[in-house]
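Undergrad: build me a structure from this.
(chains A and B)
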Amino acid sequence: MSARNRELLGLIPASLLLTAGFAAVFIQRSAQLSNVSLTYGGVFLALCLAAHIFLRVTLPHADPYLFPLVALLASFGIVMIYRIDERLARDQAEWFVVGLILFCVTIAFLRDYRVLERYRYLIALTGIGLLVLPRLPVIGGTTNGAYLSVHLGPVSFQPAEFAKLAIVVFLASYLRDTRQVLVIGARRFMGLTFPPLKHLGPLLVVWGAAMLMLVFIRDLGSSLMFFGAFLALIYVATNRLSFVVVGLGLFAVGAWFLGTHTPHVAGRVDAWLHPFDPHLYNAVGGSYQVAQGLFAQADGGLLGQGFGQALLNLPGGGRILPAAQTDLIYALITNELGLAGAAGVVLVYLLVVQRGFKIAMLARDSFSTLLATGLTSVIALQVFVIVGGVTKVIPLTGVTLPFISYGGSSIVANFVLLALLLLVSDRARRPE
Amino acid sequence: MSAPITRLYVLVVALFALLIAFTSRWTAFDAQALRDNPLNRRALLEEQRIHRGLIKADDGTVLARSRPAGGGTYRRTYPTGGLFSHAVGYSFISLGRSGLEQSRNAALTGQRNEVTSLVDQLSGKRREGDDVQTTLDPTAQKVAINALGGRRGAVVALEPSTGRIKVMASVPDFDPNQVPRQFRQLNQQDGSPLFNRVTQAGYPPGSTFKVVTAIAAIDSGRYTPDSVVSGANNKLIGGVPLRNDAGEDFGPISLTQALTQSVNTVWAEVGETLGKRTMAKYMTRLGFYAKPPLDYPPGERRASGEYCDPGRGCRPAGELLPPTSRFIDVGRMAIGQDQLAVTPLQMAMVASAVANDGKLVGPHLTRRVVDPDGRVVSDVSTPSTRVMKKSTADAVAQMMSQVVKEGTGTAAALSGVEVAGKTGTAEIDVANNITQPWFIAFAPIDKPRYAIAATVERSDGGFGGTIAAPIAKSVLESLLGGGSQSGSGSG
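TA: Just a heads-up that it's a prediction; the model follows:
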């Protein structure tokens, strides 16, 4: 069976899940099955079919599993958001369409994505610029003490979602050039291998940027994500674990320093360690979110309360689970679908990551390999950072759960990321 | 570059496994601790969303129902107000629960066993509460409350053969609908309206306890109803002279006569002869020294028995004494004095055991639990235990019938129905003439249908026969149905 036919078949479970999910939420809400649930499923299937036909024409050899997996996550996300708030789901569906359009545009205009290498410094600067935007007066703003979003009139977006693409592209390109010299020119010192200072410079800049992000925009999650992707890329590019060890050491020192010296980061760490401390629980920006996330998960148990049946809206208005549609959506998933459903979601991400790394391995040039590795690592790390935060593996920080969480920037940026991965895949699997 | 990518993938698998491990921790291993965390309000909020079942009287009258309160929540209302305030109790999110609302909470909220709930969960069935049909009789309950007429006190009536409680009246009562608004007031109010005097009050039983002594005396084989004992005044009991009522000297007298006239010195001597061990044996069998086995919250039930009065040298004050404690004056206990503190329910159980041929059936308030589809989930019946020989029960019943016929309890006599009973008048404050009048009874004698205990707290003078017996009489009249003619007081 051709790759595209397999992709087509893969879309069927995604649309079935969407239809079933909407039906469940509808039944729960109005005790009757309206045909709207079927309409939603149908429209979603039509959109995915359109994208699929587009892929058939433009990227016939690309990996057949990635798109259905992502469609599954996105449809699941829309159902979850619909369950939280109908209005938000409409927004999200619109952003889904915008994402698909940008997905197609990326594929159409970047047929040879290797041109990106030519603009790597421009791309790097754009990435850093995007990260700094939320700190600018007027358009910037804070969310829970972190500078995460930019407001332009009615539209607000999270530049970090796009910056992650820029930075991965830059690093992939930069490391393709320097990976040889990084290894050859390395010196051994105290049992560790250090790259030559000249080439280390730009890498230290990345470390500095990550630290700066912690201090300047106070975005613990994104900084962890960027720096992790950076280490993954260095490791794959040089195959030297010592670079990773040094990098982790530097990050640990920086994180420790900031964790003890900046109140915002320290607060997050305290909330992580003692979520049920009454003072932290009641403090503004304290551990209320973490604690409520854990309570929601405990409420879910093994099989969950069922789609649309978990306690969410409080009788007096408001929700018991804060940020249910964004940061804590994993807690709501666990609440409604239990450990089984949550493990299923994590497993789908693992499959996405597996396909991503597979693409990286099949790629025929270093830039493609590093690009696919970087993009995949960013997704994996983003999932780890937010799910790890909700499950108290690490401090909770505000990043989205890719393709599932509510948020236009996240959906659109991740569809562009998917487009890049499929572009790499098509080139790698194209028969010569 | 494949090898490092593979290793990177292994790292991601490990990290994701860690995520699933932690999710398992919160959803399975630590889930109970999280649910019990005091900061976790989910269970409370969840409960508000459950449509609690109805609580009904035996005749179908709705005593408690849930009404939608907006936002998918429900709120409890009590259509009969204060009628069954103590038996039914209340259930409000902010205040918790009491009474049957508490003891039958599992049924009322539709809690099922693990397997059923899993099936329900998979089939997406919304949790709904079961209805609880009680054994309570609203008509007789009204009569009981009216008979108490605002005086603090308690009336409890039950079916001796089944243990079904028909009347559970405690005055002052409260309107459960007002509890959320007036909780603090109700809690501090004089007379403690939230306190269920039937199950929580420990009163000195006075002469009604002589029935217990009579059971022990006859069942142990040491006495018969015709045994003759000296009823002299000022006999030495526990080394201290004991007075009869009004200092009367009865001379040698049979046990039947001694019960009819409620002669203190006779029963105190019987108690001393039987000894603590025998008394303890029969008291324990009748339910003393343990919380009554009622389907009612344990915190709202109290064990009857001798409670330590520190003036006697025992410690700690206010604790239940062991039945054979050296601090017990068994002679005075045998006539309901000493440090006895008993609940009206316990005294009704004593009457019930005599009425039911010597078998005590566990009292209960719930007749059956019915699910929302009308299927009976459980029919409640409680086990019966033999506490005395049938012959003993017959003999004591005969003695008790004399009390109503010609003794201290004539005010309880019903026309056309033979009543057996025993009066009691405990002295609370001799100087101010404050008493605790009691009456325990059952009727009809040949085929007893109801047993009853009635008492009034801190009565301003008056005796069991004049204050409590008429209350018991009107309730029995109502329960027996139709017996509306006022009983003829034959003396």
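
Undergrad: quick one: average pLDDT of the helix or strand hosting A:Ala255?
TA: Per DSSP states H and E: A:Ala255 is located in helix A:241-261. Here helix A:241-261 scores 81 as its mean pLDDT.

Undergrad: buried residues in whichever helix or strand comes after it, which are they?
TA: Next in sequence after helix A:241-261, counting helices and strands by DSSP H and E, comes helix A:263-273. Within helix A:263-273, the residues that count as buried by 16 or more other C-beta atoms under 10 Å in any protein chain shown are A:His264, A:Val265, A:Gly267, A:Arg268, A:Val269, A:Asp270, A:Ala271, A:Trp272. For glycine as for every other residue, the C-beta is placed from the backbone atoms N, C-alpha and C.

Undergrad: for stretch B:236-253, same thing?
TA: B:Ile237, B:Gly238, B:Leu242, B:Asn244, B:Phe250, B:Ile253.

Undergrad: about what we covered before: elements contacting the helix holding A:Ala255?
TA: Applying 3 or more C-beta pairs under 8 Å, 6 or more residues apart in numbering or on different chains; DSSP states H and E, one finds that helix A:241-261 contacts strand A:192-194, helix A:197-212, helix A:220-238, helix A:263-273.

Undergrad: pull the contacting residues for the spatially closest residue to A:Arg364 that is not a sequence neighbour.
TA: Nearest non-adjacent residue to A:Arg364, counting by C-beta to C-beta, 6 or more residues apart in numbering or on different chains: A:Ala428, 5.9 Å away. For A:Ala428, the contacting residues are A:Ile359, A:Leu362, A:Ala363, A:Arg364, A:Ser368, by C-beta atoms under 8 Å, 6 or more residues apart in numbering or on different chains.

Undergrad: and B:Ala393, by the same measure?
TA: B:Ala393 touches B:Ala353, B:Val354, B:Ala355, B:Asn356, B:Asp357, B:Gly358, counting by C-beta under 8 Å, 6+ apart.

Undergrad: and of those residues, the nearest to A:Val43?
TA: Nearest to A:Val43 among those is B:Asn356, at 72.8 Å by C-beta to C-beta.

Undergrad: please name the nearest non-neighbouring residue to the closest one.
TA: Nearest to B:Asn356 is B:Pro160, by C-beta to C-beta, 6+ apart, at 3.8 Å.

Undergrad: how about the strands in chain A?
TA: A:140-143, A:146-152, A:155-157, A:187-189, A:192-194 (DSSP state E).

Undergrad: any buried residues in the third one, and which?
TA: Okay, so that is strand A:155-157. For strand A:155-157, the neighbour count (16+ other C-beta under 10 Å) marks A:Ser156, A:Phe157 as buried.

Undergrad: in chain A, where is pLDDT below threshold?
TA: A:28-38, A:138-148, A:153-154, A:185-187, A:189-199, A:202-203, A:213-214, A:315-317 (pLDDT under 70).

Undergrad: and the longest helix for it?
TA: Of all segments of type helix in chain A, defined using DSSP state H, the longest is helix A:329-362.

Undergrad: show me what counts as buried in it.
TA: Result for helix A:329-362 [16+ other C-beta under 10 Å]: buried residues A:329-339, A:341-343, A:345-346, A:348-350, A:352-362.

Undergrad: so which of the residues you listed also contact chain B?
TA: A:334, A:338-339, A:342-343, A:346, A:349-350, A:353-354, A:357, A:360-361 (C-beta under 8 Å from any C-beta of the partner chain).

Undergrad: and these, which is closest to A:Trp207?
TA: Closest to A:Trp207, out of all of those and judged by C-beta to C-beta, is A:Ala360, at 23.4 Å.

Undergrad: which non-adjacent residue is nearest the closest one?
TA: A:Ala372 (3.7 Å).

Undergrad: quick one: that neighbour from A:Val353, how far?
TA: 11 Å (C-beta to C-beta, to the nearest Å).

Undergrad: okay, the buried residues of stretch B:236-253 in TSV with secondary structure and pLDDT next?
TA: Formatted as TSV, the buried residues of stretch B:236-253 follow (DSSP: H, G, I helix; E, B strand; the rest coil; pLDDT from 0 to 100):
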residue	secondary structure	pLDDT
B:Ile237	strand	90
B:Gly238	coil	87
B:Leu242	strand	92
B:Asn244	coil	90
B:Phe250	coil	92
B:Ile253	strand	95
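
Undergrad: quick one: which of these is nearest chain A?
TA: Nearest to chain A among the buried residues of stretch B:236-253 is B:Gly238, at 56.4 Å by C-beta to the nearest C-beta.

Undergrad: no more questions from me, cheers.
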